[in-house]
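Novice: next come a sequence and a model predicted from it.
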Amino acid sequence: MRLALLGPPGAGKGTQATRIVDRFSIPQLSTGDMLREAVAEGSAAGLRVKHIMDRGELVPDDVVVSVVAGRIDHSDAANGFILDGFPRTVAQAEALDQELANRGIKLDAVLDLEVDQGALLDRIRGRAEEAAKSGEPVRRDDNPEVFKTRLDVYREQTAPVAEHFADLGKLRHVDGVGELQDVFKRILAVLPR
Ligand code: ADP
């Protein structure tokens, strides 16, 4: 099963991706996690993207596309994967289609996790508070100001990605509001069998 998970920041993509990983034994390919790792390692790519990420803007398409293309060639992704946080621009979606076509594979479905803006702001505040309470590091981009930028970027650059996959007949809408378990059931209900 090859999937991609779209949705605004704070929609719960990471949480639902983890459940899909457990259910289908496929790896989660989170571009946010991969980029944060690159930043933590201090690699050349990491240094290039750190400030962009801290501002809540998108890192350049060529950087993420090459990170993802390298990752889908790992042996653990041979039987499938779930892309989380990618593609985030129409150019990335087109590049992904091309990379997959080069490998003779394609996405089975693209899930669009829908959550309204009020609920997103509540969640992101909660996420930062939880992390602070438990002593975990709070993501530098999880503050209301940067979060607003991330939402704007989502609306302008990522929302059109859903249309791209709708045109290809691959888009599945999922209501992302409610208990985690209920959202997961809705996801299972729209996956191809
Ligand atoms: P969220 O979905 O909660 O916004 P992520 O962990 O997916 O968080 O992404 C964090 C940051 O990493 C983004 O704000 C952006 O700077 C960068 N990033 C992640 N994925 C991409 C992508 N596909 N294209 C460009 N930038 C990305």
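Specialist: Cool, got the structure.

Novice: got the buried residues for the longest helix seen in the chain?
Specialist: Counting residues, the longest helix found in the chain (DSSP state H) is helix 117-133. Neighbour counts over helix 117-133 (16 or more other CB atoms under 10 Å) mark 120, 123, 124, 128 as buried. Glycine gets a C-beta too; all of them are placed from N, C-alpha and C.

Novice: by proximity to the ligand, which residue of this structure wins?
Specialist: residue 32 (1.9 Å; CB to the nearest ligand atom).

Novice: that residue touches residue 85, doesn't it?
Specialist: Yes: Residue 32 lies in contact with residue 85 (CB atoms under 8 Å); the separation is 4.7 Å.

Novice: more crowded one of these two?
Specialist: residue 85 (24 against 18; other CB atoms under 10 Å).

Novice: the lowest-mean-pLDDT helix or strand in the chain and the ligand, any residue contact?
Specialist: In the chain, no helix or strand scores lower on mean pLDDT, DSSP states H and E than helix 117-133, which sits at a mean of 85. No: using CB under 6 Å from any ligand atom, helix 117-133 stays clear of the ligand, coming no nearer than 8.1 Å.

Novice: OK, contacts around the spatially most central residue of the chain?
Specialist: Nearest to the centroid of the C-alpha atoms of the chain, with distances taken as CA atoms, centre = their mean, sits residue 85, at 1.6 Å. Counting by CB atoms under 8 Å, 6 or more residues apart in numbering, residue 85 makes contact with 5, 13, 30, 31, 32.

Novice: likewise for residue 39?
Specialist: Neighbouring residues of residue 39 by CB under 8 Å, 6+ apart: 46, 47, 49, 50, 53.

Novice: surely it is in a helix?
Specialist: Yes: under DSSP: H, G, I helix; E, B strand; the rest coil, residue 39 sits within a helix.

Novice: which non-adjacent residue is nearest residue 119?
Specialist: Spatial nearest neighbour of residue 119, chain neighbours left out: residue 177 (5.9 Å); criterion: CB to CB, 6 or more residues apart in numbering.

Novice: wait, that neighbour touches residue 115, no?
Specialist: Yes: shown here, residue 177 and residue 115 form a contact pair, counting by CB under 8 Å, at 5.7 Å.

Novice: pretty sure residue 16 contacts residue 6?
Specialist: No: the criterion here is CB under 8 Å, and residue 16 misses it with residue 6 at 11.5 Å.

Novice: picking that back up, by contact count, what packs against the longest helix of the chain?
Specialist: helix 144-153 (3 or more CB pairs under 8 Å, 6 or more residues apart in numbering; DSSP states H and E).
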